[in-house]
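Enquirer: The sequence isn't on hand, but the structure is:
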């Protein structure tokens, strides 16, 4: 027991450790031993005058210095290799740091986005966006959700606002006077209605698409007359399968089928680049479309929806630039009902 404790005494192992380190150093650099031996030999010979020939002593000294120079060169090379490893390590650390920064950026970006998979979550996202909305932008097909929920909700907020200012609304919908595109869009929606579990009504025809677009236009004109809203509608010659609703705080991208997941992009203080990119895309798209719909006269319609007639619908749509031929081919009563009595597909 005593011997074991003694062998484990740090004081007894310290000299052995130093000797071991010295031995390992000499084994790693044997020239150090040669330099030590040569220097000692030259010193002894010079001190004892054992060598009378100065040239011999000088040669021995030079040999010792040469060995010393080689040792220093080797150490320098080793130091250079160490320096290179330090540089490579620093570069590796930079790579790791950049990777961490990218991950942090990705996590920050992901915090601005979310997927909405249920009707309730989509409606909640719209309601949250509406809480602070003083403007709205929409790009999509016929604008059915816009006329059914967005415009009435904006009108309510504008009425309740104490400022009394008019809020701006910009809408991009399919051109009802382009029967070819309306037919293609109707065929696409009809295909959706045949999918299992789809919520799309199987009533899509070219005439229905035109009627729905005209209903959105009429609803915009009606709300603009009677609410604190300034609404501008521009017509697209092509359709998209996606719908963009842009408010000051978020963007909600939905599909024509309400069962399809929606993308929710929130505008955050430090991570809103994606929001601004989508909004800039909308602005460029909106600016590229001619303002074809603009009232030429002050055609008034009743504020009471129950008193709006087919003739009111005809006069308003004709006044904003819709051709009488298009209006004559469609049901004005259907346009009126869709414009003023639609319901949200998410309720």
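Expert: Right, received. Where do you want to start? Here the structure is a predicted model, which means the values were calculated and not measured.

Enquirer: contacts, neighbours, all on C-alpha from now
Expert: Fine.

Enquirer: beta partners of residue 235?
Expert: With DSSP bridges applied, residue 235 shows beta-bridge pairing to residue 173.

Enquirer: For it, give me its contacts.
Expert: Listed by CA atoms under 8 Å, 6 or more residues apart in numbering, the contact set of residue 235 reads 172-175, 289-290, 292.

Enquirer: the domain parsing of this structure - what is it?
Expert: 2-107, 116-340 (automatic domain parsing).

Enquirer: picking that back up, of the contacts of residue 235, buried ones?
Expert: For the contacts of residue 235, a burial check counting by 16 or more other CA atoms under 10 Å picks out 172-175.

Enquirer: and these as CSV, adding pLDDT and distance to residue 269?
Expert: Output for those, formatted as CSV (pLDDT from 0 to 100; distance: CA to CA, whole Å):
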residue, pLDDT, distance to residue 269
172, 97, 28
173, 96, 31
174, 96, 34
175, 96, 37
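
Enquirer: Turn those residues into CSV, columns for distance to residue 194.
Expert: CSV is the format used below for the buried ones among the contacts of residue 235 (distance: CA to CA, whole Å):
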residue, distance to residue 194
172, 27
173, 24
174, 23
175, 25
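
Enquirer: Can you pull out the low-pLDDT segments for this protein?
Expert: 1-83, 85-111, 195-202, 270-271, 345-347 (pLDDT under 70).

Enquirer: in it, which spans are helices?
Expert: 2-7, 10-28, 30-48, 54-110, 119-130, 144-145, 151-160, 179-193, 206-226, 273-288, 310-319, 324-328, 332-340 (DSSP state H).

Enquirer: Start and end of stretch 317-336, how far apart?
Expert: 11 Å (CA to CA, to the nearest Å).

Enquirer: re earlier: out of the contacts of residue 235, who's nearest residue 228?
Expert: residue 172 (20.0 Å; CA to CA).

Enquirer: Next, the contact list for that closest one, please.
Expert: 138-140, 233-236, 286.

Enquirer: ok, 7 Å please
Expert: 138-140, 233-236 (CA atoms under 7 Å, 6 or more residues apart in numbering).
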